[in-house]
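Enquirer: Need coordinates for the following:
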Amino acid sequence: MAQGMKRLAVPIAALLGVAMIGLIGTSWFLNRDALRQAVEAQIRAVTGLDLVVNGSIDVSVFPGSYVSFHDVGLKGGGTTDPALRVDVLTANLRLLPLLLRRFEIADVMMLRPLIRVVRDGNGESNWTPFVETIARTMTPGAENQVSFSEIRIQDGMLNYEDATNHVSEQLGDIDLSLAWPSISRSFAATGQFDWRGERVDGSISASDFVAMLSGDRSGLKARLASAPLKLAFDGTVANRTSMMMEGTVTIDSLSLRNALRWMGQSVPGGGGFGRFALKARANVVGASVALTNVNVELDSNVAEGVMTVTNNGRQTLQATLAAGALDFTPYISTFRLLASGARDWNRQLFDLNALSTTDLDMRLSAAKVTVGATRLGRTAFGANLRGGALALSVGEAQVYGGIAKGSFGIARSDTIADVKAQFQFTDVDLQACASELFGINKLSGRGNLSVSLVASGTSPFGLASSIDGSATLTGHDGAIAGFNVEQLLKRLERRPLSGGGNFRSGSTPYDNLTVSVKFNEGVATAEDVRLESTATRLTLTGTASVPSREYDLKGVASLTSAPSAPPGFDLPFVVQGPWDDPLVFPDPESLIRRSPGAAQLLDSIKDTKARDAVKSVIERFTGGGARPPAPAAAEGGKTN
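Expert: Down below sits the predicted model:
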């Protein structure tokens, strides 16, 4: 075996030696002008671009066989501006044809090319003639077949201009390797480039490059990977009258917020839009992308359905999705109605810019929905965003142990938000409903609530100050915490001046509750407020300020008596103070009048100052003062 290998090595070495001698000899007698012209002709035949050489030309046969053109411009399609400028264009030659005095390009390397792509209103570009020429050249049986199989680009730059759609983009530091098909019909390109400050790694391959260039159907695989976003497509492509693609698309991002910002899209709010993943069957026709068999994940929310994305000068997203459980808390985390003190409305201005960037038409259903502290059961709702106006509609939601339906709309007028809300809550837990919607935690029971409100403002405080509309509530089998009307009335009926120190303890049960309120410029007026039980009856009149979140109400509490019994005891009372902790105290004048001794004492005093002093003392005994008086200031450093 060893002897055979030695005998084989001898002729191989001889052939190499002859080739070396022939190559050196060729370099001495080579017609360099003919070589340069042959290379220029092959590049023109393959690309359809004419070379305009403004710099020097280097020709080498040994040890490397190549032709390098310096400061090159390539023009085509009758344009005067070069579609491609290259600092150095090097065409490496095939060795064996060169020995036979034939000049065939093996591959091409472009150093620091500047690629210019300009698209007109018809969808054509300055590179259309180049693409058409490639397609003709590669067609089987064509007169000029492709003679080189690879193009390498190093440190390149691409400028893209689309005046019709107002798009201008730039790709920098391009390093690509294009596998040019000399025998196979396939095509592949791999490399990296910079776009908007991020390094992008990409690859693309076509199973039938000639068909793809001609607009016919071809298999296509593409992949783009960067820090903000990863995208992959596996399917087919055609481009007869418009771009058509069909296949599987996958998108993955650690932060959708960062990815959208990278792509020049504004993102609403400051919460959510983190981890994002999408896999779907895509059908692309022109500027419309239809996605079926969608599986999408955003911030641990997973949904399935169909989506359509259209960009005809304005982006539009349509979707119908279903999910098991959804959590909207991240998206409202930065939107606070109340300030940090939890009693004052938030005065921070709204950011309404996100309402003007995209049109949205979405239908969404879920078995469970979480919105902050609110937990909803099976829910179906829709969202429509068009022309800066957002409309949310709730077809049906299981919430607070009952059912909710309604709509919520926001229309943008410069920096002002015009809000309109209409909701109906049926057979809900009033304690949970009133606490979460209005910050009222004194009410329990079950009932129905109807709300119709409109407001305009630049902040939650502005909305609260301008609110108009109405609200009605009917409840049953519940209680109002904070006082026990029946016990208090029975005690005061026996002893009117026994004091009201326990007035703010216990609870008042009710059989039926009716509340009807009208809103006008942030002031709620009680039109009909009644609480009834077998033992007591309570009515309220007055107002409540929505901006200051305070009550100013007067009421009458009565002991219900049998028809044959004497009239029951009626006690006027006052409700004042903040919504979450109001002061409730009886009217002292009525208690004084019910006490014969106190009434006679008060009537017998003629002097106004003395009369007020006696009345003040009686009020302290009855607990009628809203708050204890402040300590008197010491006079001359002494106290009485």
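Enquirer: ok, Ala535 - contacts?
Expert: Ala535 makes contact with Glu486, Leu559, Thr560, according to Cβ atoms under 8 Å, 6 or more residues apart in numbering. In short, each C-beta sits where N, CA and C put it, glycine included.
Enquirer: Put the buried members of the residues you listed into a PyMOL selection.
Expert: What follows is the PyMOL syntax selecting those of the contacts of Ala535 that are buried according to 16 or more other Cβ atoms under 10 Å:
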select buried, resi 486+559
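Enquirer: So which residues of the stretch 451-600 of the chain form strands?
Expert: Ranges of strands within the stretch 451-600 of the chain are 468-481, 507-520, 523-532, 536-545, 550-559, 570-578, 583-586, based on DSSP state E, counting those that start in this stretch.
Enquirer: Please identify the deepest-packed of those strands.
Expert: Counting by mean count of other Cβ atoms under 10 Å, strand 583-586 has the highest mean neighbour count of the strands of the stretch 451-600 of the chain, with a mean of 21.
Enquirer: Can you list the strands that that one pairs with?
Expert: According to DSSP bridges, strand 583-586 forms sheet pairs with strand 570-578 (antiparallel).
Enquirer: tell me the angle of the partner strand relative to strand 550-559?
Expert: For strand 570-578 against strand 550-559, the angle by axes from the mean of the first three to the mean of the last three Cα atoms, to 10 degrees is 160 degrees.
Enquirer: mind listing the strands for the stretch 301-450 of the chain?
Expert: 301-311, 315-327, 358-371, 374-386, 389-399, 402-413, 416-429, 443-457.
Enquirer: Flag every buried residue along the first one.
Expert: The neighbour-count check on strand 301-311 (16+ other Cβ under 10 Å) flags Asn301, Ala303, Gly305, Val306, Met307, Thr308, Val309, Thr310 as buried.
Enquirer: right, and the pair among those residues with maximum separation?
Expert: Asn301 and Thr310 (23.7 Å; Cβ to Cβ).
Enquirer: thought Phe483 was touching Thr508?
Expert: Yes: contact criterion Cβ atoms under 8 Å: Phe483 and Thr508 qualify, at 6.2 Å.
Enquirer: hang on, the earlier thing: deepest-packed of the strands of the stretch 301-450 of the chain, please.
Expert: Neighbour counts (mean count of other Cβ under 10 Å) averaged over each of those peak at strand 443-457, with a mean of 19.
Enquirer: And the average pLDDT for that strand is what?
Expert: In this model, strand 443-457 carries a mean pLDDT of 94.
Enquirer: Include mean pLDDT and distance to Ala163 when you put the strands of the stretch 451-600 of the chain into a markdown table, please.
Expert: Formatted as a markdown table, the strands of the stretch 451-600 of the chain follow (pLDDT from 0 to 100; distance: least, Cβ to Cβ, whole Å):
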| stretch | mean pLDDT | distance to Ala163 |
| --- | --- | --- |
| strand 468-481 | 94 | 48 |
| strand 507-520 | 94 | 52 |
| strand 523-532 | 95 | 55 |
| strand 536-545 | 93 | 56 |
| strand 550-559 | 90 | 59 |
| strand 570-578 | 86 | 60 |
| strand 583-586 | 79 | 69 |
